[in-house]
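[1] Sequence first, predicted coordinates after that:
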There are 2 protein chains.
Amino acid sequence: MSDVPKSHPRYLSLTLRDTIVAGVEKGITSIHGLIAHGRGEAYDYLIGEKTQPFAKTAIRAAAVMLCLAEHPIISVNGNVAALVPQDIIELGQILKAPLEVNIFHTESGREQKIQQHLQNHGASDVLMPTTEGQLSYIDSNRKFVHPEGIFKADVVFVPLEDGDRCEALRKMGKDVVTVDLNPMSRTAKHASVTIIDNVVRALPLLCHEIKTLSENATTQKTLAHYSNEAVLKEALQHISRGANG
Amino acid sequence: MSDVPKSHPRYLSLTLRDTIVAGVEKGITSIHGLIAHGRGEAYDYLIGEKTQPFAKTAIRAAAVMLCLAEHPIISVNGNVAALVPQDIIELGQILKAPLEVNIFHTESGREQKIQQHLQNHGASDVLMPTTEGQLSYIDSNRKFVHPEGIFKADVVFVPLEDGDRCEALRKMGKDVVTVDLNPMSRTAKHASVTIIDNVVRALPLLCHEIKTLSENATTQKTLAHYSNEAVLKEALQHISRGANG
């Protein structure tokens, strides 16, 4: 698939790239999504390619928020489908929340290919965009949603989100839980809970956290004490220390 | 070409993305190159999307080093060809240095397409990789070079370089001038002169600097006073200050 020699010092990172490039070849990832992946790589490098304490704090808050939701929904784009199909399906199963395909660049048939890809990996309930459900405050294709999914949801889990839509969802009174490697992005700033981590590392941890929570009592206390602003500040300080290092 | 609405707050950056995506559609840019572009975007955001003083210092040193070279060569990959074909050709004309195609991912025919693309933009002298010229210390396809180009050169200008090859060129005793947005990359650290800037902004400034130099006397003094390490340190401090808000 790739001609990266094993002796290359960035072999592992380059192999992960191959996964996302394979997503493009399958028609589920947008080629613009590759650029977004590259931006993520840069920020991941800056945070040390490890799940940091500020991410763990956000994962705990995310777990509680998703468990307390009446109508949680999981929004899936082409990068998430390519990188973590198994984990995103598991998350839906644990939360009893449907997955919904929602993408920015709508090359013909890509939405259907993502749906099919998720079903091939064992997903049963994959909602699709409709013209019956439309988000306010948004121009792009991402406004088209499912009436029983994102439109109705009180909490939207949407990793690797577009800043536009995050703002629109918040303005409509929904809580947004996101995974984003850039603590300065509009998505990071506007979400209710922002997990600053690589989605490949964060999703298994989030699933584990939710499973542990449901054994104990779900507590609102974690949310009351959670400050997304403080988490983003810690992430920025971490990057700053690393860059100065 | 794209469905990005003009109301999108990152419209300009997304438009530049379209240029590189168009490079893929023309067969000159690797889809892996899109990921590299994305990483560049992230670092450009961190340095403020402007040519900073540390870049201007490096541009001055680069201009002198290239003017003093006996056999300067300009190495071109698929991202450079897509983003700045005119500027890279102008640089070659000013320096009377040939362009040489050298790429990491060698999808069939891509090298020829880059050559053709540069010739379509007015380049006269575009050297191609050969098996007669091979770089030491390197496994990938990038080791194949032209005997009269990179192989023979004393100074290699290679924007958006791969860390591997930069090290190999330096070990072979050549000076390397690069443009790289990541001050922590192996390329940035190993090059003789590293311009931490977006290639779209840096190349016209470099051409201008060289034209101004050749009117005055070319001076070795600039090089004697230049410290690439100091420039990288300044770039990191700049990023660190930005991240600390």
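    Received it, and whenever you're ready, just let me know what you need.
[2] Contact partners for the closest residue to A:Gly78 other than its chain neighbours?
    Residue nearest to A:Gly78 in three dimensions, not counting chain neighbours: A:Thr29, with 4.0 Å by Cβ to Cβ, 6 or more residues apart in numbering or on different chains. Any C-beta I mention is one placed from the backbone N, CA and C, and that applies to glycine too. A:Thr29 is in contact with A:20, A:23, A:78-79, A:81-82, counting by Cβ atoms under 8 Å, 6 or more residues apart in numbering or on different chains.
[3] For those residues, work out which two are farthest apart.
    The most widely separated members of the contacts of A:Thr29, counting by Cβ to Cβ, are A:Ile20 and A:Ala81 (10.4 Å).
[4] between these two, who's got more neighbours?
    Each of A:Ile20 and A:Ala81 has its neighbours counted (other Cβ atoms under 10 Å in any protein chain shown); A:Ala81 has more, 27 against 24.
[5] Need the CA coordinates for the helix or strand encompassing the more buried one. PDB is fine.
    Element membership for A:Ala81 (DSSP states H and E) is helix A:78-83. Taking Å, rounded to 0.1, in the frame of the first residue of the first chain, the C-alpha atoms of helix A:78-83 are listed here in PDB:
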ATOM      1  CA  GLY A  78     -15.300  10.200   6.900                       C
ATOM      2  CA  ASN A  79     -12.200  10.500   9.100                       C
ATOM      3  CA  VAL A  80     -13.800   8.900  12.100                       C
ATOM      4  CA  ALA A  81     -15.300   6.100  10.000                       C
ATOM      5  CA  ALA A  82     -11.800   5.300   8.500                       C
ATOM      6  CA  LEU A  83      -9.800   5.600  11.800                       C
END
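[6] which SS state does the residue in chain A positioned nearest to chain B fall under?
    Going by Cβ to the nearest Cβ, chain B is nearest to A:Gly38 of chain A, at 2.3 Å. For A:Gly38, the assignment made with DSSP: H, G, I helix; E, B strand; the rest coil gives helix.
[7] Quick check: it touching B:Asp44?
    No - if you go by Cβ atoms under 8 Å, A:Gly38 and B:Asp44 don't touch, sitting 11.7 Å apart.
[8] Would you state the strands of chain A in chain order?
    According to DSSP state E, chain A carries its strands in the segments A:72-76, A:99-101, A:126-127, A:133-134, A:144-145, A:155-157, A:175-179, A:193-195.
[9] In TSV, list those strands along with mean neighbour count, distance to B:Leu213 and mean pLDDT.
    What follows is those, written out as TSV (neighbours: other Cβ atoms under 10 Å in any protein chain shown; distance: least, Cβ to Cβ, whole Å; pLDDT from 0 to 100):
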stretch	mean neighbour count	distance to B:Leu213	mean pLDDT
strand A:72-76	27	54	97
strand A:99-101	26	56	97
strand A:126-127	22	61	96
strand A:133-134	16	58	86
strand A:144-145	24	56	90
strand A:155-157	28	56	98
strand A:175-179	26	49	97
strand A:193-195	29	48	97
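[10] how about those strands in a markdown table, adding distance to B:Val179?
    Converted to a markdown table, these look like this (distance: least, Cβ to Cβ, whole Å):
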| stretch | distance to B:Val179 |
| --- | --- |
| strand A:72-76 | 37 |
| strand A:99-101 | 39 |
| strand A:126-127 | 44 |
| strand A:133-134 | 44 |
| strand A:144-145 | 41 |
| strand A:155-157 | 39 |
| strand A:175-179 | 32 |
| strand A:193-195 | 32 |
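[11] all helices for chain A, in order.
    In chain A, the helices defined using DSSP state H lie at A:11-25, A:31-47, A:53-68, A:78-83, A:85-95, A:110-120, A:163-171, A:186-190, A:199-215, A:221-225, A:228-244.
[12] ok, and for stretch A:80-92, which residues are buried?
    For stretch A:80-92, the neighbour count (16 or more other Cβ atoms under 10 Å in any protein chain shown) marks A:80-85, A:87-92 as buried.
[13] what about the residue lying closest to A:Glu167 once chain neighbours are set aside, how many residues close to it?
    Closest residue in space to A:Glu167, ignoring its immediate chain neighbours: A:His190 at 5.1 Å, by Cβ to Cβ, 6+ apart. A:His190 has 21 neighbouring residues, counting by other Cβ under 10 Å.
[14] Tell me who's in contact with A:His190.
    Shown in contact with A:His190 (Cβ under 8 Å, 6+ apart): A:163, A:166-167, A:170, A:176.
[15] Ok, A:Val145 next?
    A:100, A:102, A:129-130, A:133-135, A:151.
[16] how about the buried residues of stretch A:80-92 in JSON lines, adding pLDDT and distance to chain B?
    Putting those into JSON lines (pLDDT from 0 to 100; distance: Cβ to the nearest Cβ, whole Å) gives the following:
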{"residue": "A:Val80", "pLDDT": "96", "distance to chain B": "16"}
{"residue": "A:Ala81", "pLDDT": "96", "distance to chain B": "17"}
{"residue": "A:Ala82", "pLDDT": "95", "distance to chain B": "13"}
{"residue": "A:Leu83", "pLDDT": "94", "distance to chain B": "13"}
{"residue": "A:Val84", "pLDDT": "94", "distance to chain B": "17"}
{"residue": "A:Pro85", "pLDDT": "96", "distance to chain B": "20"}
{"residue": "A:Asp87", "pLDDT": "96", "distance to chain B": "21"}
{"residue": "A:Ile88", "pLDDT": "97", "distance to chain B": "21"}
{"residue": "A:Ile89", "pLDDT": "98", "distance to chain B": "25"}
{"residue": "A:Glu90", "pLDDT": "97", "distance to chain B": "27"}
{"residue": "A:Leu91", "pLDDT": "97", "distance to chain B": "25"}
{"residue": "A:Gly92", "pLDDT": "97", "distance to chain B": "28"}
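[17] pLDDT below threshold where in chain A?
    Along chain A, the parts satisfying pLDDT under 70 run over A:1-5, A:8-12, A:108, A:214-218, A:243-245.
[18] now the residue nearest the centre of chain A, nearest residue through space, not along the chain?
    Nearest residue to the geometric centre of chain A (Cα atoms, centre = their mean): A:Pro159, 1.0 Å. Nearest non-adjacent residue to A:Pro159, counting by Cβ to Cβ, 6+ apart: A:Val179, 3.8 Å away.
[19] who's in contact with stretch A:106-121?
    Outside stretch A:106-121, the residues that reach it (Cβ under 8 Å, 6+ apart) are A:26-28, A:30, A:76-78, A:81, A:85-86, A:88-89, A:99, A:101, A:103, A:126, A:128-129, A:141, B:3.
[20] okay, that stretch in PDB with CA atoms only?
    Provided in PDB are the C-alpha atoms of stretch A:106-121 (Å, rounded to 0.1, in the frame of the first residue of the first chain):
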ATOM      1  CA  THR A 106     -20.300  15.500  -0.200                       C
ATOM      2  CA  GLU A 107     -18.700  13.800  -3.100                       C
ATOM      3  CA  SER A 108     -21.400  11.700  -4.600                       C
ATOM      4  CA  GLY A 109     -22.300   8.600  -2.700                       C
ATOM      5  CA  ARG A 110     -19.800   9.200   0.100                       C
ATOM      6  CA  GLU A 111     -22.500   9.300   2.800                       C
ATOM      7  CA  GLN A 112     -23.900   5.900   1.600                       C
ATOM      8  CA  LYS A 113     -20.400   4.500   1.600                       C
ATOM      9  CA  ILE A 114     -19.800   5.600   5.200                       C
ATOM     10  CA  GLN A 115     -23.100   4.000   6.200                       C
ATOM     11  CA  GLN A 116     -22.200   0.800   4.400                       C
ATOM     12  CA  HIS A 117     -18.700   0.800   5.900                       C
ATOM     13  CA  LEU A 118     -20.100   1.100   9.400                       C
ATOM     14  CA  GLN A 119     -22.700  -1.600   8.800                       C
ATOM     15  CA  ASN A 120     -19.900  -3.900   7.500                       C
ATOM     16  CA  HIS A 121     -18.200  -3.400  10.800                       C
END
